[in-house]
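Asker: Below are the sequence and a predicted model; questions follow.
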Amino acid sequence: MDLLALADFTLVARHGGFGKAARAARRPKATLSRRVSELEVALDLRLFERGQRDLKLTEEGRALAERAGALLAELEETTIEIASGSVAVRGRLRISAPLLFSQTAMGSLAAGFAQRHPDVQLEVTTDDRAVDMVEEGYDLVIRVNPAADDALVGRPFLHDRLIVVAAPDLAPLAGVIFPAVVRDRDVESSWTIDTADGQRAIPINPVLRLSSLVMIRDAVLLGAGVARLPLSLVSRDIARRRLIAWGDVRTSRIALWALYPSRRLLNARVAAFLDYLRQSFPNGTAEELATYLDDRC
């Protein structure tokens, strides 16, 4: 593929017409039109719908413009950095992070990263769904136990685990069905935990269904029932005896991954943020995350 023709196409797409693109780039309108036409022939695709007064991207053209624009920008940035002999960390960095991690840690991480790299415009959005990184313009996503995806690469930077907790006045007696605060989609009638005395089943009767783990913790602190919660979220409450840990939930290992598109060059901004995560959580344990959160409360 002719990269120059591809660059001309993205230029026209970005400005919404050949005339505007030609004026912005100070190049002949006819040259841009010819090169875009040559690209359409090479791809055997119509990229623009050409009306008498307007120019609109086709569905295929819109998809190509979004993907090619990001790739060409990264390629230009990398070329400039190599030519200058330095890797500058500047520009926009868009990150999507899950709700709980955003509520508890991402604000502090973002502030620290911004202080270290003042020329980076960091944007963080909160979303538990699997966003489309290319379509939605994200450079990096943080996800909990993500499914395998050939389009993404990355590494886990934190680990956590679920434990069953309750207020001190709710004792883990045998033969009792315990009131429980659960996630809105949980359907189990009992939980299996590991204790110092071995495995144990905890029969439960859901009395509250809440969509947020922070809401569940707050309800349990007020004595609403037992709950399964990440150790990092309740470690401080356990240390202060506001909650009692009954045991670890079996097969509840949690891994937080930092992921980026496998077909993109790893730009300096993403590399810098990954390095900042490694420095913030060198061991990547639940206890380390709990300490990090406690130090900032």
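Answerer: The structure has been received and is ready for your questions.
Asker: What separation is there between residue 15 and residue 35?
Answerer: 14 Å (C-beta to C-beta, to the nearest Å). C-beta here means a position set from N, CA and C on the backbone, and glycine is covered the same way.
Asker: These two: who's more crowded?
Answerer: Higher neighbour count among residue 15 and residue 35: residue 35, with 20 against 17, using other C-beta atoms under 10 Å.
Asker: now what about the helix or strand encompassing that one, what contacts it?
Answerer: Here residue 35, judged by DSSP states H and E, is contained in helix 29-43. For helix 29-43, contacts defined as C-beta atoms under 8 Å, 6 or more residues apart in numbering pick out 1-2, 4-6, 8-9, 11-12, 18-19, 21-22, 25, 46-48.
Asker: Quick check: buried residues in stretch 21-38?
Answerer: 21-22, 25, 29, 32-33, 35-36 (16 or more other C-beta atoms under 10 Å).
Asker: which among those gets closest to residue 268?
Answerer: When these are ranked by distance to residue 268 (C-beta to C-beta), residue 25 comes first, at 26.1 Å.
Asker: Which stretches in the stretch 1-150 of the chain count as helices?
Answerer: 3-15, 18-25, 29-43, 59-84, 99-101, 107-116, 133-136 (DSSP state H, counting those that start in this stretch).
Asker: Which among those is found nearest to residue 196?
Answerer: That would be, of the helices of the stretch 1-150 of the chain and by C-beta to C-beta, helix 99-101, which comes in at 28.0 Å.
Asker: from the chain's centre, how far out does that closest one sit?
Answerer: 10 Å (C-alpha atoms, centre = their mean, to the nearest Å).
Asker: do the same with stretch 136-154
Answerer: On C-alpha atoms, centre = their mean, the centre of stretch 136-154 falls 7 Å from that of its chain.
Asker: what's the span of it from first residue to last?
Answerer: Terminal residues of stretch 136-154 are spaced 19 Å apart (C-alpha to C-alpha, to the nearest Å).
Asker: burial count for residue 183?
Answerer: With other C-beta under 10 Å as criterion, residue 183 counts 16.
Asker: Kindly report the same for residue 94.
Answerer: 17.
Asker: next one: residue 136
Answerer: Neighbours around residue 136, by other C-beta under 10 Å: 13.
Asker: So for it, what's the pLDDT?
Answerer: Reading off the confidence values, residue 136 has pLDDT 82.
Asker: The nearest residue in space to it that is not next to it in sequence and residue 132: what is the separation?
Answerer: Leaving aside its sequence neighbours, residue 136 sits nearest to residue 96 (C-beta to C-beta, 6 or more residues apart in numbering; 7.8 Å). According to C-beta to C-beta, residue 96 stands 10 Å off from residue 132.
Asker: of the two, who's got more company?
Answerer: Using other C-beta under 10 Å, the more surrounded residue of residue 96 and residue 132 is residue 96, with 23 against 11.
Asker: Contact partners for the more buried one?
Answerer: 124-127, 131, 133, 136, 138, 140-142.
Asker: Show me the two of the residues you listed that sit farthest apart.
Answerer: 126 and 133 (15.5 Å).
Asker: Which of the two has more residues huddled nearby?
Answerer: residue 133 (21 against 13).
Asker: From what I see, that one and residue 261 are in contact.
Answerer: Yes. Counting by C-beta atoms under 8 Å, residue 133 touches residue 261, with 5.5 Å between them.
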